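Engineer: Quick one, what's the 3D model for this:
(2 chains)
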Amino acid sequence: DAGITQSPRHKVTETGTPVTLRCHQTENHRYMYWYRQDPGHGLRLIHYSYGVKDTDKGEVSDGYSVSRSKTEDFLLTLESATSSQTSVYFCAIRGGFADSPLHFGNGTRLTVT
Amino acid sequence: GDSVTQMEGPVTLSEEAFLTINCTYTATGYPSLFWYVQYPGEGLQLLLKATKADDKGSNKGFEATYRKETTSFHLEKGSVQVSDSAVYFCASGPNTGGFKTIFGAGTRLFVKA
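Structural biologist: Numbers count the residues shown, from 1 in each chain, chains lettered A, B, ... in the order given. Below is the predicted model of the structure:
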């Protein structure tokens, strides 16, 4: 199994508070992704990274920011959490070839009250 | 833009029944195609992939063939088991030079004993 760890696994926070989710990989993969999964919406891409300090927006990036200061870590920050950001968040990594599959972490369940 | 459409669920089958989950894609290039499976409480994991037209991906009794002429990548299994109960996602990409994988909405499969 690809070495990818998300932390925390569960978090409950209040509206308006900042939250940071961490994704850590031991595979030295270039590409890292943050998705959210909600009933009826499938998987939606929030942000992705194609190298250290190289990031770009996905389809649902509003209210989220990311940082990647080293290859192994990709942080997702909710600057001021809202109830609409209650979701399950998945990090994924991918190798450099076009046919490389995504490898997913086990997810972070975030509840914003 | 590129898209993936898969049959809506849930799909409910009896053990040992034949499974087909339909998937069609639209793409500007020739992306690799993937099937991922998600078990409860876990992240998605790769089930199988195909990288070019007429390739057949297979794993754990599941098969899918990359059909360029019908832009399809249907998932099949000859005899399902209760342990196959999960959500199945069809996905394409990224295209050469791109970064993003396009996911279908997912199909939930229930297998009854």
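
Engineer: Residue numbers of chain B in contact with chain A?
Structural biologist: Applying Cβ under 8 Å from any Cβ of the partner chain, we find that chain B lies next to chain A at B:31-32, B:34, B:36, B:41-46, B:49, B:51, B:89, B:91, B:94-96, B:99-101, B:103-106. Quick note: C-beta positions are derived from backbone N, CA and C, even for glycine.

Engineer: For the buried ones among those residues, write the corresponding PyMOL selection.
Structural biologist: Command for PyMOL that selects the buried part of the residues of chain B next to chain A, burial taken from 16 or more other Cβ atoms under 10 Å in any protein chain shown:
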select buried, chain B and resi 31+32+34+36+43+44+45+46+49+89+91+94+95+99+100+101+103+104+105+106
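
Engineer: my read: residue B:16 touches residue B:80, true?
Structural biologist: Yes - with contact defined as Cβ atoms under 8 Å, residue B:16 counts as touching residue B:80 (7.0 Å).

Engineer: The two: who's more crowded?
Structural biologist: residue B:80 (22 against 10; other Cβ atoms under 10 Å in any protein chain shown).

Engineer: Kindly state the pLDDT recorded for the more buried one?
Structural biologist: pLDDT, residue B:80: 98.

Engineer: For it, which residues are in contact?
Structural biologist: Taking Cβ atoms under 8 Å, 6 or more residues apart in numbering or on different chains as the criterion, residue B:80 is in contact with B:13, B:15, B:16, B:17, B:18, B:19, B:109, B:111.
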